[in-house]
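[1] have a look at this fold, sequence not included:
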Ligand code: ADP
C-alpha cells in the first residue's frame, strides 16, 4: 500500500526502541501516527520527537495486555482520524526470573504483553482497517520466534506471534480481505529490551537480576550489542514491507539461516 498524508499508522510500544523508530518512519513518510505505550514519560518524549516530522500525532497510554485498553485505542484512533491503515503490534517485554522455578506471573506477564497484546490488537483493529479501505498489520516477533534460545516465556510468546501472523496472513488471503500482514523477526537490535528489565511490574517483587554476563555466553548478547542493527534500519525494512505488501521481515542476524530455512518451508506449504 502507498504511504503518505491521509494514511494513519498506529504503533504500540512506540515509547522506545523499534517502536519509536517505526513511529518516526511512518511520520517521515507523511502518515499521521498514533503512539501507544505503557510508559507515560517515554511516550511524551516519543510524541515530541515524532511530531517534529510535521505530521499529526496522538499519544495514548495503553497496556496492550488489557483488551479494553486496546479496544479504546482503536476507537480513539478512528474518532480522531476517521480511519486507520497500519497497525504495528510492537509492544514487547523479555521478562525476568527463572521460567521454571520463578513465579508463574512471569509467564503471564510475558504472554500477556507479547502474545495477548498482538491478538487484542488484531481483533480490535481489523474491522477498522477493512472499513478504511484496506491496510496492513505488522506483528513484531523475533528471531526467538523462529528459533528458541533466549528465555522460556519470551521464546514461546514470539513463536506464538509467528503462528498468529501466519494464520492471519492465510485468513486474509483466503477471504480476499484487503489487509496485508508482515511478521518482523529481528535478531539483536540496539534497544533497551536486551539489557534491561525495567518493564518488570513492581508488584511481582524483587527477583534476581538477569545476569547479562552469563547471557553473553549463552545468548550472544555482547555480539548483538556490538554488531546489532540500529532500530531505524529495522524500521525502514518494515516500511518497505508495508509498501510492497511483503510477509516476512527478517533483518540480518545470527539466526538468519534458520529463519530462511523456515521461511522456505512455509513458502512450500502455501
Ligand atoms: P524493542 O524495541 O527491542 O522491542 P524496547 O524495550 O525498547 O525494546 O521497546 C519495547 C516497548 O514496549 C517499550 O517502550 C515498553 O514501554 C513497551 N511496552 C512494554 N510493555 C507494554 C505494555 N504492556 N503495553 C504497551 N507497551 C508496552
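    Now that the structure is in, tell me what you want to look at. A quick note: this is a predicted structure, and the numbers were derived from the prediction, not measured.

[2] ok and the residue in the stretch 1-150 of the chain nearest the ligand?
    residue 17 (2.2 Å; C-beta to the nearest ligand atom). (Each C-beta comes from the backbone N, C-alpha and C, glycine too.)

[3] report the rounded mean pLDDT for the helix or strand hosting residue 173.
    Using DSSP states H and E, residue 173 falls within helix 152-174. Helix 152-174 shows a mean pLDDT of 94.

[4] re earlier: the residue of the stretch 1-150 of the chain closest to the ligand against residue 231, yeah?
    Yes - contact criterion C-beta atoms under 8 Å: residue 17 and residue 231 qualify, at 5.5 Å.

[5] re the thing from before, look up phi and psi at the residue of the stretch 1-150 of the chain closest to the ligand.
    phi 60, psi -130 (degrees, to the nearest 10).

[6] tell me how many other residues surround it.
    Applying other C-beta atoms under 10 Å, we find 22 residues neighbouring residue 17.

[7] number the chain from 25, please
    That works, and once the first residue is 25, the last one we named lands at residue 41.

[8] now do the most centrally placed residue in the chain, the pLDDT please.
    Central residue of the chain (C-alpha atoms, centre = their mean): residue 114, 1.7 Å from the mean position. You'll see residue 114 listed with a pLDDT of 98.

[9] next: residue 111.
    Reported pLDDT at residue 111 in the predicted model: 98.

[10] count residues in the vicinity of it, would you?
    29.

[11] is it true that it touches residue 147?
    No - using C-beta under 8 Å as the test, residue 111 is too far from residue 147 to be in contact (10.9 Å).
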